[in-house]
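*Asks:* Sequence and predicted model, in that order:
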Amino acid sequence: MRHLRPALGAATAVLATLACTTPVTPTAATDVPYDVLVFAKTAGFLHDSIPAGIQAIRDLGAANNFTVTATEDAAQFTADNLARYEAVVFLNTTGDVLDPTRQDAFESYIGAGGGFVGVHSAADTEYDWPFYGNLVGAWFASHPAVQPATITVEDRTHPATAHLPAAWLRTDEWYDYRTNARTTAHVLASLDESSYSGGSMGRDHPHAWCKSYAGGRAFYTGGGHTRASYTEAAFRAHLLGGIRYAAGRTKADCRPETG
């Protein structure tokens, strides 16, 4: 806004900043203690943001009453070990990271009511494992260069998106997916392809979603490629909301949409 409206423009910018940096409510800090496993094994592209992501989740845990175990060791995927955790985060995993025995253990974990959080290239993982593809919601197809884009927040009641403005502007690597998650998941936020270059999904481009699947709960966000993502207060709160939902510490309507 220019000329006669600079003050209004400045006020709008301040409000947008506040909406993106509002501290997480004390509710999360009073959750019954729980445990989260962060799995960051890669068999393909290795994101240099993984250490920053692990530290961000550790920080969230310290402030919000959950412990964090971070590993790249697929041997952690046994029935007894997974039962220790309320949620498992696949943090920028890539490629084939679990053998059939470990896959069976994880399927049993989800079937027993476990929680899954997929971050960014969790969608670029385990293409030959149908259960996983259904759990994560959609597999990666392509992406343009890292650039700013506008995320349209469709659900401002879910704990992963309640703190966000209706139009969330940030910089990241924006994934296109092989399928549209909307028919099997509840879309929380979508990408406005008119706000950046190189998107290929068109007017309906889901970016973050949640779902119930096979007895468990799943949350996925396409954000988190860059190291800077994990320093953003709004993105960290987005992750926290997804983790709390997956861990069963908060309720949300994640029934699938039909278009």
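*Replies:* Received the coordinates, thanks.
*Asks:* how near is Asp128 to Thr101?
*Replies:* Distance of Asp128 to Thr101, given as C-beta to C-beta, to the nearest Å: 15 Å. Heads up, the C-betas are built off the backbone N, CA and C, glycines and all.
*Asks:* between these two, which one's more packed in?
*Replies:* With neighbours defined as other C-beta atoms under 10 Å, Asp128 and Thr101 compare such that Thr101 has more, 11 against 7.
*Asks:* so when I look at that one, I'm seeing a strand, right?
*Replies:* No. Counting by DSSP: H, G, I helix; E, B strand; the rest coil, Thr101 is not found in a strand; it is helix.
*Asks:* Would you map the helices across the protein?
*Replies:* Remark: helices assigned in the chain by DSSP state H are 6-21, 50-64, 79-82, 100-111, 130-136, 233-246.
*Asks:* Let me see the mean pLDDT of the longest one.
*Replies:* Looking at helix 6-21 alone, the average pLDDT works out to 39.
*Asks:* Enumerate every residue touching Phe116.
*Replies:* 87-88, 90, 110, 135-136, 216-219, 246 (C-beta atoms under 8 Å, 6 or more residues apart in numbering).
*Asks:* out of the residues you listed, who's nearest Thr69?
*Replies:* Val88 (9.9 Å; C-beta to C-beta).
*Asks:* How much space separates that closest one from Thr71?
*Replies:* 10 Å.
*Asks:* which residues do the two both contact?
*Replies:* 37-39.
*Asks:* With neighbour count and distance to Asp253 added, can I get those residues in TSV?
*Replies:* Shown next, in TSV, are those (neighbours: other C-beta atoms under 10 Å; distance: C-beta to C-beta, whole Å):
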residue	neighbour count	distance to Asp253
Leu37	22	26
Val38	24	26
Phe39	24	27
